[in-house]
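Enquirer: no sequence for this one, just the structure:
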Ligand SMILES: C[S@@+](CC[C@H](N)C(=O)[O-])C[C@H]1O[C@@H](n2cnc3c(N)ncnc32)[C@H](O)[C@@H]1O
């Protein structure tokens, strides 16, 4: 019998020498230490380091780098002064080509885990032309610093509510950064009326540079709203307020009170114009969204007789693009304000074959199908939790011939694709996009057909 040597346990607080052999899905280095898997943030593949163990679970441990002894060719200096403290970016220390290769690899692994031939189905990732300063929106935590008698802004550290204070974020434009700094000075200047402001939401049109600001405050009083409404900055066309008593957790209150301006921005994609209100979803990188939508259109293969459902439609961007070639395109979305935007967007772009419903997809889709509603193609673009099972089951029961799944979360993508493959669907193509450079996130468009009609 082989002499199996008992591995020594690894201990919290102890230091070990390790080499990262791969990255996990959060971008942490993975090393094997005394037979146990250890996750080490900010350590790249091939790098040797002395690490200290922070916690040990049943199957894995976590550690942090005490001393890095070698430097990967994929390493770069992170430009952000609070990178590592702030929970926003996970991979600013990686060269951009390495980031995109890692993200493409994650999509390839999903294909392999699903039993697909990754070389055949996974297309090369489409990277961003602007890996920094690409975001058209930010939700910035702010707080009053009583010692310094001023407002400060920053981002929450990973999984905590302790703030990494900074005046700069390298993911938003310098103009947005300038407006946020100005907004903090303004909050300091109005004193008591501002003390309960806990977030600022700022959006900027990537095409016109116009901005829209929302102050999120815990204090529901008209004098507070009046004071906040006095905020002025040259690019800011809309000032709004939302009252959310809890400074942590969801930032939106029940209503958004527009105090100055139209209450929306207009964003352009090619010849298309889209109105977006404060609560409505808009893809964070306008140029990349435009490229991604072109892929969805190719994958959806809509023909003029088709009825298309755009499930989780937001402000109707995809619904309208799909409607151009369809008999009828139906957008379904739970946020009422987004559906108002979508209807206005249909008018702005002179599209008559689109209609919109405020509903939860998992409730609306089964009803539509049970009532005999026709559907040839469904585009699903769900939030991170993926497609609700009731919605997937309804689409499967209706034997929808073609689907496009736009995912921002590889874990739920894999789960939902497994269900669809099991139900007889066939994956034609998986196209990853880097919608979120410097972060762990990756977007992917997947086209599926029912096997009986597949190519
Ligand atoms: C990833 S966004 C996609 C929006 C749109 N396709 C776009 O590209 O702008 C997901 C959208 O689904 C909406 N949503 C989330 N859960 C929903 C549900 N259960 N039913 C309907 N809409 C939902 C969100 O409000 C958000 O607008």
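Expert: Now that the structure is in, tell me what you want to look at. Keep in mind that this is a model prediction, so the values were computed, not measured.
Enquirer: now do stretch 110-120, average pLDDT.
Expert: Throughout stretch 110-120, pLDDT has a mean value of 98.
Enquirer: that should have said stretch 24-43, apologies.
Expert: Mean per-residue pLDDT for stretch 24-43: 96.
Enquirer: for stretch 290-306, same thing?
Expert: Per-residue pLDDT values over stretch 290-306 give a mean of 97.
Enquirer: same deal with stretch 57-77?
Expert: 97.
Enquirer: cool, and stretch 172-181?
Expert: Across stretch 172-181, the average pLDDT comes to 97.
Enquirer: below-threshold pLDDT in this structure: ranges please.
Expert: Residue ranges of the chain with pLDDT under 70: 1-6, 452-455.
Enquirer: what residues does it put near the ligand?
Expert: 281-283, 312-314, 317-318, 332-335, 338, 360-362, 381, 383, 388, 408 (CB under 6 Å from any ligand atom). Yep, even glycine has a C-beta here, placed from its N, CA and C like the rest.
Enquirer: where do the helices sit along this protein?
Expert: With helices called from DSSP state H, the chain shows them at 96-113, 118-121, 174-190, 222-228, 286-300, 317-323, 336-348, 361-370, 389-397, 410-422.
Enquirer: skipping its backbone neighbours, what lies nearest whatever residue of the chain ends up closest to the ligand in space?
Expert: Nearest residue of the chain to the ligand, counting by CB to the nearest ligand atom: residue 314, 2.9 Å away. Nearest residue to residue 314 in three dimensions, chain neighbours excluded: residue 281, at 4.1 Å (CB to CB, 6 or more residues apart in numbering).
Enquirer: OK, contacts around the closest residue to residue 354 other than its chain neighbours?
Expert: Using CB to CB, 6+ apart and skipping the chain neighbours, the partner closest in space to residue 354 is residue 323 (4.0 Å). Going by CB atoms under 8 Å, 6 or more residues apart in numbering, residue 323 touches 308, 329, 346, 351, 353-354.
Enquirer: surely residue 71 touches residue 47?
Expert: Yes: with contact defined as CB atoms under 8 Å, residue 71 reaches residue 47; the gap is 6.8 Å.
Enquirer: please identify which of those two sits among more neighbours.
Expert: Comparing residue 71 with residue 47 by other CB atoms under 10 Å, the one with more neighbours is residue 47, at 21 against 11.
Enquirer: next, count neighbours for the closest residue to residue 224 other than its chain neighbours.
Expert: Counting by CB to CB, 6+ apart, residue 224 lies nearest to residue 193, which is 4.9 Å off, once chain neighbours are set aside. Neighbour count of residue 193, defined by other CB under 10 Å: 18.
Enquirer: for residue 147, which of the helices of the chain is the nearest?
Expert: Nearest to residue 147 among the helices of the chain is helix 174-190 (13.1 Å), distances taken as CB to CB.
Enquirer: check which helices and strands the closest one sits against.
Expert: Counting contacts by 3 or more CB pairs under 8 Å, 6 or more residues apart in numbering; DSSP states H and E, helix 174-190 is packed against strand 137-145, strand 150-156, strand 197-204, strand 211-217.
Enquirer: okay, the ones you listed, which one's buried deepest?
Expert: Greatest average neighbour count among the helices and strands packed on helix 174-190 goes to strand 211-217 (a mean of 26), per mean count of other CB atoms under 10 Å.
Enquirer: now the angle from that strand to strand 197-204?
Expert: Orientation note: strand 211-217 sits at an angle of 170 degrees relative to strand 197-204 (axes from the mean of the first three to the mean of the last three CA atoms, to 10 degrees).
Enquirer: now do strand 211-217: everything it contacts.
Expert: Outside strand 211-217, the residues within contact range by CB under 8 Å, 6+ apart are 175-176, 179, 183, 194, 196-205, 224, 228, 231, 233, 235-244, 251-253, 256, 261, 263-265, 278.
Enquirer: run a quick neighbour tally on residue 7.
Expert: By other CB under 10 Å, the residues close to residue 7 number 10.
Enquirer: can you pull the contacts of the residue nearest to residue 450 when sequence neighbours are not counted?
Expert: Leaving aside its chain neighbours, residue 450 sits nearest to residue 401 (5.3 Å; criterion: CB to CB, 6+ apart). Under the criterion of CB under 8 Å, 6+ apart, the neighbours of residue 401 are 376-377, 449-450, 453.
Enquirer: narrow these to those in strands?
Expert: Among the contacts of residue 401, DSSP state E puts 377, 449-450 in strands.
Enquirer: which ones are touching the closest residue to residue 32 other than its chain neighbours?
Expert: Sequence neighbours aside, residue 21 is the residue nearest to residue 32 in space, at 6.8 Å (criterion: CB to CB, 6+ apart). Counting by CB under 8 Å, 6+ apart, residue 21 touches 30-32, 45.
Enquirer: in ChimeraX, how would I select just the buried ones from those residues?
Expert: In ChimeraX syntax, the buried subset of those is picked out as below (16 or more other CB atoms under 10 Å):
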select :30,31,45
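Enquirer: adding distance to residue 117, write the contacts of residue 21 out as JSON lines.
Expert: Listed next are these as JSON lines, based on distance: CB to CB, whole Å:
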{"residue": "30", "distance to residue 117": "26"}
{"residue": "31", "distance to residue 117": "31"}
{"residue": "32", "distance to residue 117": "29"}
{"residue": "45", "distance to residue 117": "25"}
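Enquirer: in the contacts of residue 21, find the pair that's most separated.
Expert: Spatially, the most separated pair among the contacts of residue 21 is 32 and 45, at 13.2 Å (CB to CB).
Enquirer: now residue 204. Nearest residue, chain neighbours left out?
Expert: Closest to residue 204 by CB to CB, 6+ apart is residue 211, at 4.8 Å.
Enquirer: pretty sure residue 357 is touching residue 332, no?
Expert: Yes: between residue 357 and residue 332 a contact is recorded at 5.1 Å, counting by CB under 8 Å.
Enquirer: of those two, who's got more company?
Expert: Legend: neighbour count by other CB under 10 Å for residue 357 and residue 332, higher for residue 332 (24 against 16).
Enquirer: nothing else from me, thank you.
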